[in-house]
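Enquirer: next comes the sequence, and after it the predicted model I'd like to discuss.
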Amino acid sequence: MFENRERTDINELGEFGLIKHLTQHVELLSEHSVKGVGDDAAVLDAKNLSTLVSTDLLMEGIHFDLTYVPLVHLGYKAVQVNLSDIYAMNGVAAQITVSIALSSRFPLEAVEEIYKGINLACKKYNIDLVGGDTTSSKQGLVISITSIGYAKPEDIAYRNGAKEHDLICVSGDLGAAYLGLQILEREKQIYLENPKIQPDLEGKDYLIERQLKPEARRDIVALLADLGIKPTAMIDVSDGLASELLHLADQSGVGVTIYEEKIPLDPMTYETARELGLDPTVCALSGGEDYELLFTISQADYAKLKHDVDVTVIGHITDKNSGAKMISKSEKVHELKAQGWNAFMTKNKDKPGT
């Protein structure tokens with residue numbers, strides 16, 4: 001992808017030269033960051049708060065396909081995936097570390113594109129890049145990011161706090177990222193069969209953006225704080241709504257009941273699913289990569305939240321013996337099953353419902 005552009009071999013810089021080149025303009029923004037890049041370790045000050053830490057590993061061919069994923073978007077998304085985990089604990093993200101392994105086919109310019117996306121995400125979300133590592137790889141590109149955040153101990157939302165009669169809420173809309181992936185995969189196959197045919201993405205901008213450039217929901221954490229709502233349990237929707245509901249139910253020792261008609265779907269998601277012969281509800285339940293926040297609240301807090309258009313109540317918590325169920329639009333009861341992303345599958349995604 002860089003054969004016809006100016007190409008600088010990374011070996012000309014060496015490991016330390018590469019790190020210095022990529023981080024020379026990094027500035028610390030968070031009050032929790034004392035020392036960042038440039039020493040043997042970063043120095044962070046939690047300021048009497050609990051420290052939240054999460055790590056994600058993204059591997060070429062498993063988590064992303066460079067046939068259609070721009071490197072700048074990859075860098076941006078890699079950060080969002082990690083920040084989402086901090087926000088899912090009802091915390092505020094403050095720092096990240098970035099480690100990259102890359103093969104010789106990647107010139108300096110390619111790594112600069114990745115870091116361009118990383119830095120854009122850091123600036124937008126007020127995050128400090130405080131460390132990391134680089135190394136060579138024989139397996140293509142690997143990105144590992146660790147996110148660090150903070151919260152008052154009493155504000156942290158775990159997965160195990162849901163209680164019977166709590167309301168189940170989700171931010172934003174679901175299923176769009178999965179359909180964005182299906183469109184990109186379709187256009188990739190068309191291109192491989194005939195490279196002269198240009199991708200047809202017209203009218204699908206929202207779905208493509210949800211797949212390539214997701215946004216972690218820091219705003220929902222701020223909204224809940226402003227409204228004085230402490231979620232009883234919370235998780236981010238990375239593996240599909242059904243999978244995340246089952247995680248909450250298992251960790252909390254409860255049952256869940258949701259209503260199909262309440263699941264938030266963007267009109268483009270619904271229409272595109274139908275065009276592709278897919279069930280829109282199944283895409284939301286099993287697609288994944290939405291990075292919305294799924295959380296439970298006490299019924300007493302409903303009045304504070306009911307007018308917010310970006311949060312939808314989709315069901316309620318039941319006793320454990322009731323199991324995990326969805327009531328369909330035709331009022332039939334369906335057992336919820338986790339059929340979303342499996343990190344040990346060899347393909348990018350299983351088709352929902354298979």
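Expert: Ah, there it is. All figures in this text were calculated on a predicted structure; none of them were measured in a lab.

Enquirer: the protein - how does it break down into domains?
Expert: The chain is divided into the following domains under automatic domain parsing: 10-155, 167-335.

Enquirer: can you tell which of the ones you listed is closest to residue 161?
Expert: Residue 161 lies closest to domain 167-335 among the domains of the chain, at 4.4 Å (CB to CB). C-beta here means a position set from N, CA and C on the backbone, and glycine is covered the same way.

Enquirer: between the two ends of that closest one, how far is it?
Expert: For domain 167-335, the first and last residues are 19 Å from each other (CA to CA, to the nearest Å).

Enquirer: check the offset of stretch 175-182 from the chain's centre.
Expert: Centre-to-centre, stretch 175-182 and its host chain are 13 Å apart (CA atoms, centre = their mean, to the nearest Å).

Enquirer: also stretch 328-336?
Expert: Centroid separation for stretch 328-336 versus its chain: 28 Å, with CA atoms, centre = their mean.

Enquirer: what's the answer for stretch 102-111, then?
Expert: From the chain centre to the centre of stretch 102-111 is a distance of 25 Å (CA atoms, centre = their mean).

Enquirer: swap in stretch 150-159?
Expert: Distance of stretch 150-159 from its chain centroid, counting by CA atoms, centre = their mean, is 20 Å.

Enquirer: what's the answer for stretch 91-109, then?
Expert: Remark: stretch 91-109 is offset 16 Å from the chain centroid, using CA atoms, centre = their mean.

Enquirer: thinking again about what came up before, okay if I get the domains of the chain as JSON lines plus mean neighbour count?
Expert: Shown next, in JSON lines, are those (neighbours: other CB atoms under 10 Å):
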{"stretch": "domain 10-155", "mean neighbour count": "18"}
{"stretch": "domain 167-335", "mean neighbour count": "19"}
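
Enquirer: how about a markdown table for those, with mean pLDDT added?
Expert: Output for the domains of the chain, formatted as a markdown table (pLDDT from 0 to 100):
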| stretch | mean pLDDT |
| --- | --- |
| domain 10-155 | 86 |
| domain 167-335 | 95 |
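
Enquirer: okay if I get these as JSON lines plus distance to residue 161?
Expert: Below are these laid out as JSON lines (distance: least, CB to CB, whole Å):
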{"stretch": "domain 10-155", "distance to residue 161": "10"}
{"stretch": "domain 167-335", "distance to residue 161": "4"}
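
Enquirer: helix or strand: which one has residue 268?
Expert: helix 267-275 (DSSP states H and E).

Enquirer: helices or strands up against that helix?
Expert: Applying 3 or more CB pairs under 8 Å, 6 or more residues apart in numbering; DSSP states H and E, we find helix 267-275 packed against helix 176-193, helix 205-212, helix 280-286.

Enquirer: may I have that helix exported as PDB, CA atoms only?
Expert: Output in PDB follows, covering the C-alpha atoms of helix 267-275 (Å, rounded to 0.1, in the frame of the first residue of the first chain):
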ATOM      1  CA  PRO A 267     -33.100   3.300  10.100                       C
ATOM      2  CA  MET A 268     -30.000   2.700   7.900                       C
ATOM      3  CA  THR A 269     -29.200  -0.300  10.000                       C
ATOM      4  CA  TYR A 270     -32.600  -1.700   9.600                       C
ATOM      5  CA  GLU A 271     -32.900  -1.100   5.900                       C
ATOM      6  CA  THR A 272     -29.400  -2.400   5.100                       C
ATOM      7  CA  ALA A 273     -29.900  -5.600   7.100                       C
ATOM      8  CA  ARG A 274     -33.000  -6.300   5.000                       C
ATOM      9  CA  GLU A 275     -31.100  -5.500   1.800                       C
END
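
Enquirer: residues making contact with it?
Expert: 173-176, 179, 183, 203-204, 206-207, 279-280, 283-284 (CB atoms under 8 Å, 6 or more residues apart in numbering).

Enquirer: let's go with 7 Å and repeat that
Expert: 173, 175, 176, 179, 204, 206, 207, 279, 280, 283 (CB atoms under 7 Å, 6 or more residues apart in numbering).
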